[in-house]
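> Mind looking at a prediction? Sequence and model below.
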Amino acid sequence: MKKSLITFILLLLAGLMAQAQTNHRTISVDVAQEHGKMNTMFKECIGAGRANEGLRADWQQQLMTVKKECDFKYIRFHGILTDDMGIYKEDHDGNPQYNFMYVDALFDFLLSIDITPFVELGFMPKDLASGEETIFWWEGNVTPPKDYDKWGDLIKSLVQHFTDRYGEEEVKKWYFEVWNEPNLVPAFWTGSQKEYFKLYKYAAEAVKSVCADYPVGGPATAGAAWESEMIEFCKKKNVPLDFISTHSYGVDVGFLDEFGNNGTRLSKNDMAVSQDVIQSRKEISESSMPDLELHYTEWSSSYTPSDPLHDSYHEAAFILNKIKQIGDAATSMSYWVFTDIFEEAGPRFTPFHGGFGLMNTQGIKKPAYHAYALMNQLGETELENTDKASWACKNDEGSVQLLLWDYTHTLPDSINNQDYYNNDLPAKGKGVVDLKVKGLTTGTYSLKIHKVGYRCTDAYTAYSDLGSPDQLSKKQVDLLKEMTNESLVSTEIIKIGTDGTYTSELKMRENDVYFIDIEKL
C-alpha cells in the first residue's frame, strides 16, 4: 500500500514537473547582438471606410490621435469618386464637369497631420456609369464606365489637380490604386476580369501621363486573387504597374457580409492571412516583374464589420502574431480600419457592434489599437531573438523594449464568431515567461510594463460590465476611456549592476500582450 502511494506521488510530481517545463517560456536577448533595422511595414498604411466620412470632425479627431500614438504613414479609403464627394457630373450636352473642393478639404487635412494619401480610384460617378448597380448604404456605383475616354480624362484631371495643388515632389510619394476587389462580382464590379484590366489600363496611363514617377498599381482583389494575371497582362500590353495590391482576412470562408448575418469563423490555421502574403511575395518574385512592391491594402481577422472578434481582447494578439509571421514579405499591411465611424451598413446603432475599427465611434480604444500603439514604441534596431511571439529592440539612447504575446485560438468547433466573442471570455493561464536581457550598461533605468488582455485595457468586457447599453452616456464614455486609454500597468526605478543583466518573470494568460520598456535614465 505504501509502495503504491509512493509510486502515485512520484508519478504526480513527475507530471507536475513536466507541466511546469511545458508552461515555461524563455526569452533571452543580448543588447550587443543586433538583427538589423526594425521592419515597420505594419505602420506604413491604415484603412478607413470612405472619403466622405473623412470630412467629419470626430473622424478627423480620432485620426489625429491614431497618428500621434501609432504613427501610420499612409491612409486608404473607398469612395473618392463617389457622388457624395461631388467630383464629377455632366451637363445637358454630356460634357464632363469636375469639382475637387470636397477632396481638397479632406486631403488638405491629411497632409496637415503628416498622413499621405494611398489613393483608391473608385467607385464610378453616376453620370459616368454604364449601369445602376451599387454597393453599401452610401451607394457606391460598381459598374464600368460608359465611356473609357471620359474615365481616363477624369483620372488625368484629378491627378493633375493634385499636382497643381500639392506639387509633383509631394505627389510622387503617393500611391494610386485602381478600384477595389473587382474579383467580387457583382458586389464590387459588374464587369469581367478583362474589363477590369481595361479600366486599369486607362487609369494607369492617365496617372503616368501627368508624371511618369507616380506609383500606380492593383488589382486590389479580395483573397490574393488575380496577381499573376495582372502582372502578365501589364507585361504583355506594356501597361504601367509599380505595385501589386490585394486583401486577406483571417476567416475560413466568406464573400461580402456587411451585416454579419452569415456568421464568420476565425480560422484554426495558424498561418491564416500570413500564408497569403508569403504566397503573394512568391508569385511576384517568380514573375516577369520580380521587384514589384506588395501592398496588402486591407487585412484583419474578419471581413465583416459585424464581428465581435474585432472588439475582443483576442484581436491584439492576433494582429501581433500575423505581423510577426509576415516579416518582410509585404511592403505594407494596411489594417482595415482605424475607426468604427464606418457606414457600409449605414449608421450603427450600438457603441460596440463588432466594427472593424481600432477605436469605436466614440473614440474608445480597443485592444487592437494598443497592439499598434505598442509596436510603434519599439526601438529602431531589432535584436536577435529566437522566440517566435515577441520582438526585442533597442534605440540609440541605450533603452531596450520587449513586446511579447500569447496567441491562442479559443473558438470552439461549430460556433460562429458572432455567438462566441460577444461573451465574457476569461483567459486561461499559459504559464510563465522568463525574461533575460544581457549587455545593458550599468546604471539607473525606468522600468515600465504595459499589458493588454482579458480585463486589462479590455474595452468590450468593460462595456459588457455596464450591461451593454445601446447608448452610452457621457459619463460612461469617460469611464471606458479612462479604463482603456493607457495600457501602462506599472512603473518603477531599477538598478542594473556590473553584470549588465535584467531578469524578470511574467505570468502569461491566453492572448495576453506585454510590453516591457527598460529606459536608461
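Right, received. Where do you want to start?
> Count residues in the vicinity of residue 33, would you?
A total of 12 residues lie near residue 33 under the criterion other CB atoms under 10 Å. The C-beta positions use only the backbone N, C-alpha and C, and glycine is treated the same way.
> My guess is it contacts residue 383. True?
Yes. Contact status for residue 33 versus residue 383: in contact at 6.0 Å, counting by CB atoms under 8 Å.
> Let's verify residue 491: helix, strand, or coil?
Secondary structure assignment for residue 491 (DSSP: H, G, I helix; E, B strand; the rest coil): strand.
> what do you get for residue 385?
The three-state label given to residue 385 by three-state DSSP is coil.
> give the contact list for it.
Going by CB atoms under 8 Å, 6 or more residues apart in numbering, residue 385 touches 27, 29, 35, 391-392.
> can you pick the most crowded of those?
In terms of neighbours by other CB under 10 Å, these top out with residue 392 at 28 neighbours.
> same for the strand or helix carrying that residue, what does it pack against?
Assigned by DSSP states H and E, residue 392 belongs to strand 390-394. Contact analysis of strand 390-394 by 3 or more CB pairs under 8 Å, 6 or more residues apart in numbering; DSSP states H and E lists strand 24-30, strand 381-383, strand 400-405 as its packing neighbours.
> how about that strand as CSV, C-alpha atoms only?
Coordinates of each C-alpha in strand 390-394 appear next as CSV, following Å, rounded to 0.1, in the frame of the first residue of the first chain:
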residue,chain,number,x,y,z
SER,A,390,8.0,38.6,-29.5
TRP,A,391,10.2,41.4,-30.6
ALA,A,392,13.2,42.8,-28.8
CYS,A,393,14.5,46.2,-29.8
LYS,A,394,16.7,49.0,-28.7
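> Can you give the contact residues for that strand?
Under the criterion CB under 8 Å, 6+ apart, external residues in contact with strand 390-394 comprise 27, 29, 31, 38, 324, 375, 378-383, 385, 400-405, 437.
> buried sites along stretch 468-475?
residue 472 (16 or more other CB atoms under 10 Å).
> most neighbours per residue, which of the helices and strands packed on strand 390-394?
For the helices and strands packed on strand 390-394, ranked by mean neighbour count under the definition mean count of other CB atoms under 10 Å, the leader is strand 400-405 at a mean of 24.
> Can you give me the buried ones in the next helix or strand after that strand?
Next along the chain after strand 400-405, taking DSSP H and E as the criterion, comes helix 417-420. Within helix 417-420, the residues that count as buried by 16+ other CB under 10 Å are 417-418, 420.
> quick revisit: among the helices and strands packed on strand 390-394, which comes closest to residue 344?
For the helices and strands packed on strand 390-394, proximity to residue 344 was assessed by CB to CB; strand 400-405 is nearest, at 30.0 Å.
> who does the closest one touch, helix- and strand-wise?
Using 3+ CB pairs under 8 Å, 6+ apart as the contact criterion, the secondary-structure elements in contact with strand 400-405 are strand 24-30, helix 314-326, strand 390-394, strand 429-438, strand 513-520.
> can you rerun that using 6 Å?
Of the remaining helices and strands, those touching strand 400-405 by 3 or more CB pairs under 6 Å, 6 or more residues apart in numbering; DSSP states H and E are strand 390-394, strand 513-520.
> Including mean pLDDT and distance to residue 220, could the ones you listed go into CSV?
Written out in CSV, the entries for those read as follows (pLDDT from 0 to 100; distance: least, CB to CB, whole Å):
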stretch, mean pLDDT, distance to residue 220
strand 390-394, 98, 30
strand 513-520, 97, 31
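> how far does stretch 429-438 sit from the chain's center?
28 Å (CA atoms, centre = their mean, to the nearest Å).
> so residue 246 makes contact with residue 221?
Yes. When contacts are counted by CB atoms under 6 Å, residue 246 is listed as touching residue 221 (4.9 Å).
> Please tabulate the helices and strands packed on strand 390-394 in TSV, including the columns distance to residue 87 and mean pLDDT.
Below are these laid out as TSV (distance: least, CB to CB, whole Å; pLDDT from 0 to 100):
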stretch	distance to residue 87	mean pLDDT
strand 24-30	52	95
strand 381-383	43	98
strand 400-405	42	98
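> Tell me where the model's unsure across the stretch 301-450 of the chain.
Judged by pLDDT under 70, the stretch 301-450 of the chain has no weakly predicted residues.
> ok, back up a step: what's the most buried one of the helices and strands packed on strand 400-405?
Among these, strand 390-394 has the highest mean neighbour count (mean count of other CB under 10 Å), at a mean of 24.
> partner strands of it, parallel or antiparallel?
The strands that strand 390-394 pairs with in its sheet are strand 381-383 (antiparallel), strand 400-405 (antiparallel) (by DSSP bridges).
> Please look at residue 258 and residue 345 and confirm they touch.
Yes. Counting by CB under 6 Å, residue 345 is a contact partner of residue 258 at 4.3 Å.
> if I look at residue 380, how far off is residue 46?
Distance from residue 380 to residue 46, counting by CB to CB, to the nearest Å: 21 Å.
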